[in-house]
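Undergrad: Sequence unavailable; structure follows:
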């Protein structure tokens with residue numbers, strides 16, 4: 001008799017490790033989502049059972065917001081009162097540094113009602129040291145020339161005014177372009193300013209403006225028309 005060869009056993013199938021590794025993150029994500037949903041449901045149910053607590057928190061937030069707003073208004077009113085009372089004497093302005101002089105001019109514009117007055121002077125300022133918008137909607141660009149020796153210092157002349165004229169309207173889009181100095185302005189510089197519709201604030205006019213209560217636009221002649229109606233119109 002011929003013997004048959006024994007049948008070969010088929011190896012048992014094994015689950016690929018790759019599939020188990022892919023399923024692990026999905027299972028973890030599903031478990032995390034289930035826990036999150038359960039937590040949200042628990043919190044919602046607790047809040048529904050304690051609705052009065054939400055009402056208390058809302059009232060506390062309302063009271064806190066009202067208190068914050070009142071403090072903010074009081075602080076703004078105090079700042080505005082300080083600004084309205086701002087006065088400078090020429091001796092005070094002469095003692096300032098150039099940067100402090102720019103800040104003083106900015107503060108005077110703010111005092112007069114230019115709530116957006118900002119000091120922008122510095123490297124690359126392109127001739128603008130202070131920018132502001134007056135209550136009539138006109139945009140102001142001011143260049144400041146501080147002289148430590150006041151009237152005895154170097155006079156502001158045509159070259160400085162030419163720089164201001166070249167950038168005030170073309171670059172900064174100003175309606176009113178002003179040169180402010182605590183010193184002197186040369187006669188050729190004054191003639192150039194008249195030709196180019198530049199406004200000058202010399203030592204004498206600066207004294208009246210800084211120590212008084214009238215805004216600068218009431219002291220300067222031939223200003224452009226307001227962009228919007230004034231309160232008196």
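TA: Structure received. Keep in mind the model is a prediction, meaning the values are calculated, not measured.

Undergrad: And the helices in this structure?
TA: For the chain, the helices defined by DSSP state H occupy 17-49, 51-84, 90-94, 98-111, 158-168, 187-196, 203-211.

Undergrad: of those helices, which approaches residue 136 most closely?
TA: Counting by CB to CB, residue 136 lies closest to helix 98-111 out of those; the figure is 13.2 Å. Backbone N, C-alpha and C define where each C-beta goes, glycine included.

Undergrad: so what does the closest one touch, helix or strand wise?
TA: Packing contacts for helix 98-111, counted by 3 or more CB pairs under 8 Å, 6 or more residues apart in numbering; DSSP states H and E, involve helix 51-84, strand 118-119, strand 130-133, strand 139-145, helix 203-211.

Undergrad: quick one on the thing from earlier: lowest average confidence across the helices of the chain, which one?
TA: Mean pLDDT is lowest for helix 51-84 among those, at a mean of 70.

Undergrad: related to what we said a few turns ago, which stretch among the helices and strands packed on helix 98-111 comes nearest residue 165?
TA: It is, among the helices and strands packed on helix 98-111 and with distance given as CB to CB, strand 139-145, at 10.1 Å.

Undergrad: Can you give me the buried ones in stretch 28-40?
TA: Within stretch 28-40, no residue qualifies as buried by neighbour count (16 or more other CB atoms under 10 Å).

Undergrad: what distance separates it from the centre of its chain?
TA: Between the centre of stretch 28-40 and the centre of its chain there are 45 Å (CA atoms, centre = their mean, to the nearest Å).

Undergrad: How about stretch 55-62?
TA: On the basis of CA atoms, centre = their mean, stretch 55-62 is displaced by 32 Å from the centre of the chain it belongs to.

Undergrad: okay if I get the helices of the chain as CSV plus distance to residue 130?
TA: Conversion of the helices of the chain to CSV gives the following (distance: least, CB to CB, whole Å):
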stretch, distance to residue 130
helix 17-49, 54
helix 51-84, 15
helix 90-94, 14
helix 98-111, 5
helix 158-168, 12
helix 187-196, 18
helix 203-211, 13
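
Undergrad: Looking at these, which one is packed in the most?
TA: By mean neighbour count, with neighbours taken as mean count of other CB atoms under 10 Å, helix 98-111 ranks first of the helices of the chain at a mean of 21.

Undergrad: residues in contact with that helix?
TA: For helix 98-111, the external contacting residues (CB atoms under 8 Å, 6 or more residues apart in numbering) are 83-84, 86, 88, 93, 96, 117-119, 121, 129-130, 132, 140, 142, 144, 146, 180, 182, 209-210, 216.
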